[in-house]
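In: Next come a sequence and a model predicted from it.
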Amino acid sequence: MLELVKAGGWPMIPLLLLSAVGLAIIVERFWALRRQAVLPPGLGEEVRAWAARGKLDPAHIESLRRNSPLGALLAAALDVRHRPREEIRERVEDVGRHIAHRMERFLSALGTIAGAGPLLGLFGTVVGMIQMFLGVMDHGVGDVNQLAGGIGKALVCAAAGMVVAVPALVFHRWFRARIDGYIVEMEHEAIQLMDVIDPRARRAAAAVAAIPADAAAAGQD
């Protein structure tokens with residue numbers, strides 16, 4: 001491996017730096033976007049139970065806000081629980097955009113690495129070809145070592161650029177898809193919570209539940 005890096009010459013330095021940064025971002029996002037860290041199991045159901053029992057003191061809501069991204073979204077809905085449903089929805093959407101932005105942290109850099117890797121590899125290829133042609137001008141076509149060195153540098157740099165870019169592109173797309181899935185689930189949890197804290201929704205649910213009982217009483221009469 002070290003011999004390949006030496007064969008690529010100085011254009012390999014930025015490629016190595018990009019690979020190190022890309023690996024650090026991938027590891028950090030893997031840890032930050034764990035499911036249990038973003039959507040703790042049972043949290044939505046627990047918060048809905050709190051809301052139904054009215055156990056929503058400010059300290060409780062603040063603790064929920066620090067719990068996870070899902071907790072922050074549910075806490076935003078609870079902050080304005082006494083307002084009309086449309087205002088609650090607007091607050092949830094606004095906070096959701098901020099949470100999505102935080103979850104996408106460093107993904108732009110990872111996408112940049114995926115795009116810059118092949119370009120740096122191409123740059124190294126051009127440098128290697130230039131050195132090869134300069135060697136031909138100075139020593140003629142008889143110096144096989146000079147030609148092999150230039151071609152080898154060009155090929156090594158091109159391969160290194162693809163090695164850096166392909167994993168960065170794959171993980172960039174994968175993290176994007178994972179975040180989109182989280183956002184959909186968080187929106188679902190927020191809607192369920194709004195149904196619990198919205199008085200109109202509670203009255204409608206109570207009315208629907210009372211219909212079978214009324215029908216049964218009418219049948220007995």
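Out: Sure thing, it's come through.
In: Relative to Gln192, how far out is Val184?
Out: Val184 sits 13 Å away from Gln192, going by C-beta to C-beta, to the nearest Å. All C-beta atoms are positioned from the backbone trio N, CA, C, and that covers glycine.
In: Compare these two (neighbour count), which wins?
Out: A direct count of neighbours by other C-beta atoms under 10 Å for Val184 and Gln192 places Gln192 higher, at 14 against 9.
In: doesn't Arg48 make contact with the more buried one?
Out: Yes: counting by C-beta atoms under 8 Å, Gln192 touches Arg48, with 6.3 Å between them.
In: So what's the model's average confidence on stretch 104-111?
Out: Across stretch 104-111, pLDDT averages out at 93.
In: Please tell me how far it is from the chain's geometric centre.
Out: Relative to its parent chain, stretch 104-111 has a centroid offset of 8 Å by C-alpha atoms, centre = their mean, to the nearest Å.
In: For that stretch, give me every contacting residue.
Out: If you take C-beta atoms under 8 Å, 6 or more residues apart in numbering as the criterion, stretch 104-111 is touched by 21-22, 25-26, 28-29, 32, 168-169, 171-172, 175-176, 179.
In: again, only using 10 Å
Out: With contact meaning C-beta atoms under 10 Å, 6 or more residues apart in numbering, stretch 104-111 is reached by 18, 21-22, 24-26, 28-29, 32-33, 167-169, 171-173, 175-176, 179.
In: Emit the PyMOL select command for whichever of the residues you listed are buried.
Out: To isolate the buried subset of these in PyMOL, counting by 16 or more other C-beta atoms under 10 Å, use the following:
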select buried, resi 18+21+22+25+26+29+33+167+168+169+171+172+175+179
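In: Give me the subset of the contacts of stretch 104-111 that lies in helices.
Out: The helices, defined by DSSP state H, take in 18, 21-22, 24-26, 28-29, 32, 167-169, 171-173, 175-176, 179 from the contacts of stretch 104-111.
In: Spatially, and excluding backbone neighbours, which residue is closest to Arg102.
Out: Pro69 (7.3 Å; C-beta to C-beta, 6 or more residues apart in numbering).
In: So which elements touch whichever strand or helix holds Glu46?
Out: Using DSSP states H and E, Glu46 sits within helix 43-53. Under the contact criterion of 3 or more C-beta pairs under 10 Å, 6 or more residues apart in numbering; DSSP states H and E, helix 43-53 touches helix 58-65, helix 69-79, helix 144-197.
In: can you do 8 Å?
Out: The contact analysis (3 or more C-beta pairs under 8 Å, 6 or more residues apart in numbering; DSSP states H and E) places helix 43-53 against helix 69-79, helix 144-197.
In: Spit out the contact partners of Pro11.
Out: Residues near Pro11 by C-beta under 8 Å, 6+ apart: Leu120, Phe123, Gly124, Val127, Gly128, Lys153, Cys157.
In: ok, how many other residues are close to the nearest residue to Glu28 once chain neighbours are set aside?
Out: Leaving out its chain neighbours, the residue that sits closest to Glu28 by C-beta to C-beta, 6+ apart is Phe106, at 6.7 Å. Phe106 is flanked by 17 other residues according to other C-beta under 10 Å.
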